[in-house]
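# Need a 3D model of the sequence below.
(one chain, ligands or ions: 1)
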Amino acid sequence: MNFDKYPMAEPYKIKMVEPLKITTQKYREQAIKEAGYNTFLLRSEDVYIDLLTDSGTNAMSEDQWAGIMLGDEAYAGSKNYYHLEDAMYECFGYKYLIPAHQGRGAEQLVSKTLIKPGQYVPGNMYFTTTREHQELAGGIFVDVICDEAHDPYNENPFKGNVDLNKFEKVIKEKGAKNIAYITIGVTVNLAGGQPVSMENLRQVSKMAHENGIKVVLDATRAMENAYFIKVRENGYADKSIKQILREMCSYTDAATCSGKKDFHTNIGGFAACNDEQDAITMRSLVVVYEGLQTYGGMAGRDMEAMARGMLEACQDHIMAHRIAQSQYLWDKLDAAGIPIIRPCGGHGVFVDAKAFYPTVPQEQYVAQSLAADLYVHSGVRSMERGIVSAGRDKVTGEEHKPKLETIRLTIPRRVYTQSHFDIVADSIIELYSERNKARGLRMVYEPKALRFFQARFEKIL
Ligand code: F0G
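You can find the predicted model right below:
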C-alpha cells in the first residue's frame, strides 16, 4: 500500500484523552459578552474546539513525556541544556545557543543586542511581539514583504518572500549603517502562514551581507517552511526537511525561535547565532531577563522535551501530516466558496473577514466581531489578526490599518481529528449564510501594548 496517498491519516495513536465541554448557544452568548467579545479572554473550559493558536497547545509524544521525567533541575549546567544544544545544532546549525522561556524572551535578547536606538529593522511583515521588542529597543520597523502577501487571493506559492527592490530601497535611503539587521519570518504568520523560498533567502542574504547587514531568522515555524520548500520549490523534492532547514539557516547569522510551535512543546524558546561577540552580549542579558545561560527560564524537563520534540518534528512524514490537516480544512472551506487566504499556509486557515462580513467596516473591528460570532455559533475559538492586532503607530498614535483583516483558525499539532475539522467547516459555512445579520464592535478598553490580548469590546446594535 502506498501510504503517501493518505497524508491525513495520523502517524500516531491516542493514549490519553482530554474531555471537552459541550455548551449551549445561550451559554456561549453570555460567556463572550463577559469576555468583552475578545476570544483571548474566554475561559478555555468554555471552548469546544480551540483554534486560538498552535502555540504551546500541541500534544507531546510518549518520548517527550518520558524526557520530562529525566529533567536535571540543577541551577547550572543541566544535562538537558546540553541535549538541547546538540539538537539545535543538528537541526539548525548555529554555533551558539541562548535558551529563553519562549520566543519573545529570545526577541528581547536579540533586539537589545543588535539594535541601536534610531536604527531601522526591515522585515517580511511584522509579528506582534517581534515588532514590539524591536520598537522597545529603539528600532524602527520597515515592511519589505512582497506586495502579493497583502493580497489574500494571490496564488503565489511563496507569498512570504522579501521584495528585494523594497529592501534595496531601504538600504539606499537609510544607509546600511542605519540598519540594525533584517528579520525573515519563516513562515510568515500574519500573511497566513505563507512560506519564503530558498531562492529568496539566498538573494536576501547576498544583498544584506554585501552591505554588511546581518540576517536574523524568526525560526518559529521554520520546519513548516522547509516542508513547503520541499513540495513547492524546484530541486528540493528529494532533500530531507533537516537538510533543507540547515540550508535555510546557513543564509542567516542568528535566529529567534518560539519552541512552542514546531517542536510540539508547551513552553520554551531560544536565540541562536554564529558570532561569538553577539553570543557574549546575549548571555550577559539572558541572566538578567530570563535565567542562567544554561536554562534561560525553562525547567530542565522542558529543555529535554524541546530537544526531543525538535528532532522528532524534523521528520518528513510528521510535517506532511501536519500540513495535510491545514489543507483538509482549507479545501472544505474553499469548496464552499468561503473567502480564505490563498494558497493554504502552514499553521492554519485564515478567513478574509472583510469579504466574509462586507457590511461591517474595518474601524468596527470586523475580524474581532467574526471571531466572537464563530465562538457563539459552535464553541470554536479563533483569533483576530487584523486592525486590533496591528495596534497603533508609536509616533502618530493612529491605528495601523492592515490590508489583511482575518480570523485565524490555527491548528494545534496532533490535537484534533478530521471530525473536529468537519464541525469547524460546517459552522463557518452556516455563519456565512447568515452574514447579513453581522454587527460591528466598539472598543471600550484599550491596553497600551499588544492590545489584542486584553482589549474589551461591546456590540454595536
Ligand atoms: N514569532 C512568530 C512568528 C510567532 O508566531 C510567535 C508567537 C512568536 C514569534 C513569539 O513566540 O509566543 O513563544 O513568545 N506566536 C503565537 C501565535 C503567540 O499565536 O501565533 P512566543
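# can you map out the strands along the protein?
Applying DSSP state E to the chain gives strands spanning 49-50, 96-100, 120-123, 140-143, 181-185, 214-218, 254-258, 269-273, 348-352, 380-381, 383-385, 406-410, 441-445, 456-459.
# okay, those strands in TSV with mean pLDDT, distance to residue 329 and mean neighbour count next?
All C-beta spots, glycine's among them, are computed from the backbone N, C-alpha and C. As requested, these are exported to TSV (pLDDT from 0 to 100; distance: least, C-beta to C-beta, whole Å; neighbours: other C-beta atoms under 10 Å):
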stretch	mean pLDDT	distance to residue 329	mean neighbour count
strand 49-50	98	11	20
strand 96-100	98	31	26
strand 120-123	98	28	25
strand 140-143	97	28	18
strand 181-185	98	22	28
strand 214-218	98	24	24
strand 254-258	98	22	29
strand 269-273	98	27	29
strand 348-352	97	5	29
strand 380-381	98	11	24
strand 383-385	95	15	26
strand 406-410	97	7	28
strand 441-445	96	26	16
strand 456-459	97	27	17
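# Just put those in JSON lines and tack on distance to residue 31.
Converted to JSON lines, these look like this (distance: least, C-beta to C-beta, whole Å):
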{"stretch": "strand 49-50", "distance to residue 31": "14"}
{"stretch": "strand 96-100", "distance to residue 31": "34"}
{"stretch": "strand 120-123", "distance to residue 31": "36"}
{"stretch": "strand 140-143", "distance to residue 31": "36"}
{"stretch": "strand 181-185", "distance to residue 31": "33"}
{"stretch": "strand 214-218", "distance to residue 31": "34"}
{"stretch": "strand 254-258", "distance to residue 31": "28"}
{"stretch": "strand 269-273", "distance to residue 31": "31"}
{"stretch": "strand 348-352", "distance to residue 31": "21"}
{"stretch": "strand 380-381", "distance to residue 31": "11"}
{"stretch": "strand 383-385", "distance to residue 31": "16"}
{"stretch": "strand 406-410", "distance to residue 31": "18"}
{"stretch": "strand 441-445", "distance to residue 31": "16"}
{"stretch": "strand 456-459", "distance to residue 31": "14"}
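# what residues does the stretch 151-300 of the chain put near the ligand?
Selection of the stretch 151-300 of the chain residues close to the ligand by C-beta under 6 Å from any ligand atom yields 185, 189, 218, 220, 258, 260, 269.
# Which single one of the residues you listed is nearest to the ligand?
residue 258 (3.1 Å; C-beta to the nearest ligand atom).
# Look up the residues forming beta bridges with that closest one.
Beta-bridge partners for residue 258, by DSSP bridges, are residue 269.
# For the stretch 1-150 of the chain, list the residues in contact with the ligand, please.
Residues of the stretch 1-150 of the chain lying near the ligand (C-beta under 6 Å from any ligand atom): 53, 55, 102, 103, 104, 127, 129, 130.
# The ligand versus residue 243, what's the distance?
Look at residue 243 and the ligand: by C-beta to the nearest ligand atom, to the nearest Å, they are 23 Å apart.
# What count of nearby residues applies to the closest residue to residue 305 other than its chain neighbours?
Excluding its sequence neighbours, the residue lying closest to residue 305 (C-beta to C-beta, 6 or more residues apart in numbering) is residue 64, at 4.5 Å. The number of residues packed near residue 64 is 22, by other C-beta atoms under 10 Å.
# Just the pLDDT for residue 64.
On pLDDT, residue 64 comes in at 98.
# Looks like it contacts residue 266 (just checking).
No. Using C-beta atoms under 8 Å, residue 64 makes no contact with residue 266, being 9.7 Å away.
# what residues do these two have in common as contacts?
residue 305 (C-beta atoms under 8 Å, 6 or more residues apart in numbering).
# If we ignore the residues flanking it in sequence, what's nearest the residue nearest to the spatial centre of the chain?
Nearest to the mean C-alpha position of the chain, by C-alpha atoms, centre = their mean, lies residue 189 at 4.5 Å. Spatial nearest neighbour of residue 189, excluding adjacent residues (C-beta to C-beta, 6+ apart): residue 127 at 5.4 Å.
# contacting residues for the one you found?
With the criterion set at C-beta under 8 Å, 6+ apart, residue 127 makes contact with 185, 189, 190, 218.
# Give the burial count for residue 170, as a bare number.
Residues near residue 170, counting by other C-beta under 10 Å: 21.
# Now do the contacts for it.
So residue 170 contacts 120, 122, 142, 144, 179 (C-beta under 8 Å, 6+ apart).
# Scan the chain for its longest helix.
helix 316-335 (DSSP state H).
# contacting residues around residue 241?
223, 226, 227, 230, 314, 315, 316, 319.
# now these: which count as buried?
223, 226, 227, 230, 314, 319 (16 or more other C-beta atoms under 10 Å).
# Can you name the residue of the stretch 51-200 of the chain nearest the ligand?
Counting by C-beta to the nearest ligand atom, the stretch 51-200 of the chain gets nearest the ligand through residue 103, at 2.3 Å.
# Can you give me the distance of that residue to residue 459?
33 Å (C-beta to C-beta, to the nearest Å).
# now residue 299
For residue 299, the distance to residue 459 - C-beta to C-beta - is 42 Å.
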